[in-house]
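1. Sequence plus the predicted model coming up.
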Amino acid sequence: MRVLSGIQPTGRFHWGNYFGAIKQYIELQHEHDGYYFIADLHALTTIRDPSLLRANVRDAALDLLALGLDPSKATLFVQSHIPEVSELYWILMTGAPLGLLERCVAFKDKEARGIKADAGLFTYPVLMAADILAYDSQCVPVGEDQNQHIEVCRDLARSFNAQFADTFVMPTARIVKDTAKVPGTDGQKMSKSYDNTLGLFEDAKELRKKIMRISTDSRPMEEPKDPDTDHLYQLYSLFATDEQRQEVRAIYERGGFGYGDIKKRLADAADAFLNPLRARRAELASDDAYVAKALEDGAHRARKVAREVLSRVQKACGLT
Ligand code: ADP
Ligand code: TRP
């Protein structure tokens with residue numbers, strides 16, 4: 001099965017990005033034909049600083065490789081390295097009803113917050129549809145927030161197929177519910193827009209300090225607490241083994257503990273998980289040739305598929 005997903009290089013990845021999205025990509029690469037890309041064209045809707053965009057793309061590639069994305073198993077590439085996608089984007093634009101795009105929440109939210117939208121932001125879901133359809137993708141693992149965009153993609157594919165010829169493979173979204181919402185340091189959804197993130201590769205000491213500052217409630221120590229409604233426990237359970245989880249659950253249910261102790265356990269568990277990844281990332285960062293080669297090979301493989309699909313599309317709609 002062809003599995004595809006993209007991630008925007010708009011900042012350093014945080015725990016929410018990993019447990020909500022990247023972890024799935026890595027698991028799926030073993031059994032499926034994974035296509036994963038760094039969505040630099042989408043990032044251009046918000047990043048207008050060329051050196052920042054370049055640095056972010058490199059960081060995203062290093063992060064994904066260090067986290068376990070294996071270029072010998074999955075196809076890892078940069079969105080803009082496949083120009084066929086941009087042509088497909090135009091073709092899909094010609095059949096995209098304005099009303100469909102106006103209903104997309106990502107655009108509506110920005111507009112409601114007074115952010116002036118440009119055509120790129122408005123047609124963002126059409127580029128996403130081109131990303132998906134260009135590789136005959138069958139399965140698209142994404143967070144809940146992207147589900148509407150997958151629906152737009154299916155609508156565009158369906159109407160193209162009906163109007164011209166059966167051309168596009170119909171993709172389905174794959175949404176993982178239990179880690180769909182990793183909380184941030186303030187208990188809200190972790191997001192770079194809320195300034196409540198815990199970075200995957202931020203400095204270990206800084207990370208520990210941030211963990212020690214995670215907000216907690218002010219109930220007395222003696223009172224037993226429900227771990228399932230506590231964001232500190234939710235964060236701990238991302239890294240803990242079953243045994244560690246049971247032990248900490250029992251502490252919550254018994255009461256009489258300080259949150260400082262749980263935070264320390266969280267910092268230790270996160271360190272144990274992240275240390276080997278940090279070492280791997282440092283190794284990769286000193287091997288530019290390896291990273292460049294991985295992206296080049298990925299683009300080569302992806303482009304071959306995109307060329308075939310685009311040619312099918314061109315033929316179907318009369319572009320010769
Ligand atoms: P951010 O909210 O920090 O801007 P993005 O929107 O760039 O993050 O998300 C990239 C991917 O990570 C998406 O697939 C998204 O669903 C997932 N993701 C982001 N934050 C979380 C979170 N707190 N919990 C689970 N998944 C998340
Ligand atoms: N819009 C997605 C996000 O912000 C990233 C993305 C771009 C994507 N193109 C895609 C995800 C195609 C899945 C499929 O998270």
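-> Received the coordinates, thanks. Ligands and ions are numbered 1, 2, ... in the order given.
2. Residue 58: what secondary structure?
-> The three-state label given to residue 58 by DSSP: H, G, I helix; E, B strand; the rest coil is helix.
3. In contact with it, which residues?
-> The contact partners of residue 58, by C-beta atoms under 8 Å, 6 or more residues apart in numbering, come to residue 291. In this view, the C-beta of every residue, glycine as well, is placed from N, C-alpha and C.
4. hmm, 10 Å instead?
-> 9, 38, 78, 285, 288, 291-292, 295 (C-beta atoms under 10 Å, 6 or more residues apart in numbering).
5. same deal with residue 159?
-> With C-beta under 10 Å, 6+ apart, residue 159 has these contacts: 92, 95-97, 100.
6. Neighbour-wise, give me the winner out of the residues you listed.
-> Across those, neighbour numbers were computed from other C-beta atoms under 10 Å; residue 92 holds the maximum, 25 neighbours.
7. Surely that one forms part of a strand?
-> No: counting by three-state DSSP, residue 92 is located in no strand; its state is helix.
8. what are the ranges of the strands in the chain?
-> Secondary structure of the chain (DSSP state E): strands at 2-7, 33-38, 75-78, 139-141, 172-174.
9. what's the closest of those strands to ligand 2?
-> strand 2-7 (3.3 Å; C-beta to the nearest ligand atom).
10. can you tell if that closest one touches ligand 2?
-> Yes: judged by C-beta under 6 Å from any ligand atom, strand 2-7 and ligand 2 are in contact via 5-7.
11. ok so, going back, looking at the contacts of residue 159, which is nearest residue 195?
-> residue 100 (32.8 Å; C-beta to C-beta).
12. isn't that closest one right next to residue 155, touching?
-> Yes: between residue 100 and residue 155 a contact is recorded at 6.2 Å, counting by C-beta atoms under 10 Å.
13. shared neighbours of the two, which are they?
-> By C-beta under 10 Å, 6+ apart, the residues touching both residue 100 and residue 155 are residue 125.
14. Just give me the neighbour total for residue 193.
-> 9.
15. Check the spacing between residue 20 and residue 94 real quick.
-> Distance, residue 20 to residue 94, using C-beta to C-beta, to the nearest Å: 34 Å.
16. between those two, who's got more neighbours?
-> residue 20 (23 against 9).
17. Let me know which of the strands of the chain is the nearest to residue 258.
-> strand 2-7 (37.2 Å).
18. Output that closest one as PDB, nothing but the C-alphas.
-> These are the backbone C-alpha positions of strand 2-7, laid out as PDB (Å, rounded to 0.1, in the frame of the first residue of the first chain):
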ATOM      1  CA  ARG A   2       1.300   3.500  -0.800                       C
ATOM      2  CA  VAL A   3       1.300   5.600   2.300                       C
ATOM      3  CA  LEU A   4       2.000   9.300   2.000                       C
ATOM      4  CA  SER A   5       2.300  12.300   4.400                       C
ATOM      5  CA  GLY A   6       3.900  15.700   4.500                       C
ATOM      6  CA  ILE A   7       5.100  17.800   7.400                       C
END
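19. quick one: it to strand 33-38, angle?
-> Interaxial angle, strand 2-7 versus strand 33-38 (axes from the mean of the first three to the mean of the last three C-alpha atoms, to 10 degrees): 10 degrees.
20. Give me the mean pLDDT for strand 2-7.
-> The average pLDDT for strand 2-7 rounds to 97.
21. re earlier: distance to ligand 2 and neighbour count added to the contacts of residue 58, as a markdown table?
-> Listed next are these as a markdown table, based on distance: C-beta to the nearest ligand atom, whole Å; neighbours: other C-beta atoms under 10 Å:
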| residue | distance to ligand 2 | neighbour count |
| --- | --- | --- |
| 9 | 10 | 26 |
| 38 | 9 | 27 |
| 78 | 12 | 21 |
| 285 | 24 | 15 |
| 288 | 25 | 11 |
| 291 | 21 | 17 |
| 292 | 22 | 12 |
| 295 | 17 | 21 |
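22. which one of those residues sits closest to ligand 1?
-> residue 9 (9.1 Å).
23. How about the residues of the stretch 1-150 of the chain by ligand 2?
-> So far as C-beta under 6 Å from any ligand atom goes, the stretch 1-150 of the chain lies against ligand 2 at 5-8, 39, 42, 128, 131-132, 140, 142, 146.
24. pLDDT below threshold where in the stretch 51-200 of the chain?
-> Low-confidence regions of the stretch 51-200 of the chain, defined by pLDDT under 70, span residues 177-180.
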